[in-house]
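Asks: this one's structure only:
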């Protein structure tokens, strides 16, 4: 790839240089512009400048921006169940066996590798050729996940999650007949001080650190020894639904970390599926509501329970 050279004038008196550039050329974030200015890629009237420089108006800008850096991530032809796509974002119905990010032990075969293959001309995030994963889904949780294609879309979508305007509904099958049939679980979650790979509810006043966490649920279907519940996430803590349902005594079927070590039904993963996602599109701020039906392995369990 080659450098991108931009030449233009700025007529924004009183503005900081980095703010003016981000406002005028929003394809790059303010943080990116700050980095480019500090590294000497931007000149003002032919001279280097600082991000904090106050403009007088009419300055001539030349920005010789470096190419999007190659992260070393490999594009892989992994099938994706795409439920929505435009120039800014992608929503995928993730299968339960698909890891989201490359990491130790999973340096290939991930959602990120698949998206790089699907989007060979990806603009990149933070100056790197990679997709922007907006939120998390555990490896063994299936369902809808949002991916940003550029910095502006990533910030726009992340702000919606931060401001809790995104609606996230999950379907979970739990052990037992849940009661009450609907409730709000308001219990802070933090890392388990005894088992650092697990999360747990941290009682108020404890020395361990925690963050507020709220999950509302409603029972959808009662079976003989299980309940299908619909959960609405009001916060986005790690393993939140799994921890909260186990905390009230109704762990998710197949969750051997927070529930029974030997699953009560023949299932190789936890019965948890991100079924509904509602947000606003970065392109036009219009609402977008998507649904993903239960995958075959989970639907088979429901069919089995219905027939028994």
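Replies: Perfect, thanks for sending it. As the structure is a computational prediction, the values presented were derived from the model and not from experiment.

Asks: just the helices in this structure please.
Replies: Counting by DSSP state H, residue ranges of the helices within the chain are 17-24, 30-38, 111-118, 151-162, 240-247, 296-307.

Asks: Of the ones you listed, which stretch is the most buried?
Replies: For the helices of the chain, average neighbour numbers computed from mean count of other Cβ atoms under 10 Å are highest in helix 240-247, which has a mean of 23. Every residue, glycine included, has its C-beta placed from N, CA and C.

Asks: packing partners for it?
Replies: strand 167-175, strand 182-186, strand 189-191, strand 199-201, strand 214-222, strand 226-233 (3 or more Cβ pairs under 8 Å, 6 or more residues apart in numbering; DSSP states H and E).

Asks: Return the most buried member of these.
Replies: The most buried one of these (mean count of other Cβ under 10 Å) is strand 167-175, showing a mean of 23.

Asks: tell me what that strand is packed against?
Replies: strand 226-233, helix 240-247, strand 272-280, helix 296-307.

Asks: Kindly reformat these as TSV containing mean pLDDT.
Replies: Listed next are the helices and strands packed on strand 167-175 as TSV, based on pLDDT from 0 to 100:
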stretch	mean pLDDT
strand 226-233	97
helix 240-247	97
strand 272-280	97
helix 296-307	96
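
Asks: Mind putting these into CSV with distance to residue 63?
Replies: Formatted as CSV, the helices and strands packed on strand 167-175 follow (distance: least, Cβ to Cβ, whole Å):
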stretch, distance to residue 63
strand 226-233, 41
helix 240-247, 42
strand 272-280, 30
helix 296-307, 50
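
Asks: List the residue ranges of the stretch 101-250 of the chain that fall below the pLDDT cut-off.
Replies: 104-106, 123-129, 207 (pLDDT under 70).

Asks: can you pull the contacts of residue 259?
Replies: Listed by Cβ atoms under 8 Å, 6 or more residues apart in numbering, the contact set of residue 259 reads 175, 242, 246, 251-253, 270.

Asks: how does it look with 7 Å?
Replies: 175, 246, 251-252 (Cβ atoms under 7 Å, 6 or more residues apart in numbering).

Asks: Taking these together, which two end up most distant?
Replies: The distance between the two most remote of those (Cβ to Cβ) is 9.6 Å, for 175 and 246.

Asks: Just give the nearest non-adjacent residue to the residue nearest in space to the middle of the chain, would you?
Replies: By Cα atoms, centre = their mean, the chain has its centre lying nearest to residue 135, at 1.1 Å. Using Cβ to Cβ, 6 or more residues apart in numbering and skipping residues adjacent in sequence, the residue nearest residue 135 is residue 161, 5.8 Å away.

Asks: Residue 235 is in contact with the one you found, correct?
Replies: No - judged on Cβ atoms under 7 Å, residue 161 makes no contact with residue 235 at a distance of 9.8 Å.

Asks: what sits against the spatially closest residue to residue 226 that is not a sequence neighbour?
Replies: Nearest residue to residue 226, sequence neighbours excluded (Cβ to Cβ, 6+ apart): residue 173, at 5.6 Å. If a contact means Cβ under 7 Å, 6+ apart, then residue 173 has 226, 228, 252-253, 271, 301 as its contacts.

Asks: Distance check, the residue nearest to residue 135 against residue 290.
Replies: Noted for residue 161: a distance of 15 Å to residue 290, by Cβ to Cβ, to the nearest Å.
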